[in-house]
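*Asks:* here you go, sequence then predicted model.
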Amino acid sequence: MKDILKDYSYYLSIERAMSQNTVASYCSDVAHFLETSRLSPDRVSHGDISEYLSSREDLSKRSQARLLSSLKSFFDWLVIEGMIKDNPCDRVDAPKLGKYLPAVLSVEEVEAVIEAADRQSWPGLRDRAMVEVMYGCGLRVSEAVGLCVSRIYF
């Protein structure tokens, strides 16, 4: 089973270009499902998936949807690899999610964060530049950290 998850993690990181955190989450979800169900992947039915999701009442609807996404991706990969014929998740309905709007900072709060950087030191100038780039481009922290000067096209 470890070999299948290892191959699946390579598929997610290399072919699907997912972040390390996403790969780790997806593999953890799949590993937990396989350990809990004690079924070989080729013996899993849509009923097994539905039953597993129902048993995870401890999770929010959003987490259950992500869990189903992890399982769908895994079984899609097994279909691609020819290990199974059909994806058992195809007939499983995802939980209904409400509209979600993330909390955002006001313009004044962003300006306060930018001004908080010490402009008299190199780390302060760097921090201010990073916050301004993140704010101006709508970047996540992980995207800002991954920026390379060689990838900037003036």
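*Replies:* Ah, there it is. Numbers count the residues shown, from 1 in each chain.

*Asks:* output the below-cut-off pLDDT ranges for this protein.
*Replies:* Counting by pLDDT under 70, the chain contains low-confidence ranges at 1.

*Asks:* quick one: the helices in it, in order.
*Replies:* Assigned by DSSP state H, the helices in the chain fall at 2-10, 20-37, 46-55, 61-80, 107-116, 122-137, 141-145.

*Asks:* could you dump the ones you listed to CSV with distance to Leu101 and mean neighbour count?
*Replies:* (Each C-beta comes from the backbone N, C-alpha and C, glycine too.) Converted to CSV, these look like this (distance: least, C-beta to C-beta, whole Å; neighbours: other C-beta atoms under 10 Å):
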stretch, distance to Leu101, mean neighbour count
helix 2-10, 32, 13
helix 20-37, 22, 16
helix 46-55, 26, 15
helix 61-80, 13, 18
helix 107-116, 17, 12
helix 122-137, 18, 13
helix 141-145, 20, 11
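
*Asks:* looking at those helices, which is closest to Arg151?
*Replies:* Set against Arg151 and scored by C-beta to C-beta, those come closest in helix 141-145, at 11.3 Å.

*Asks:* just list what that closest one packs against, helices and strands only.
*Replies:* In terms of contacts (3 or more C-beta pairs under 8 Å, 6 or more residues apart in numbering; DSSP states H and E), helix 141-145 is packed against helix 122-137.

*Asks:* can you tell me what sits against the helix it packs on?
*Replies:* 110, 113-114, 117-119, 139-141, 144, 147 (C-beta atoms under 8 Å, 6 or more residues apart in numbering).

*Asks:* returning to that earlier point: would you turn the helices of the chain into JSON lines with distance to Asp86?
*Replies:* Compiled in JSON lines, those are given as follows (distance: least, C-beta to C-beta, whole Å):
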{"stretch": "helix 2-10", "distance to Asp86": "18"}
{"stretch": "helix 20-37", "distance to Asp86": "17"}
{"stretch": "helix 46-55", "distance to Asp86": "9"}
{"stretch": "helix 61-80", "distance to Asp86": "7"}
{"stretch": "helix 107-116", "distance to Asp86": "49"}
{"stretch": "helix 122-137", "distance to Asp86": "42"}
{"stretch": "helix 141-145", "distance to Asp86": "35"}
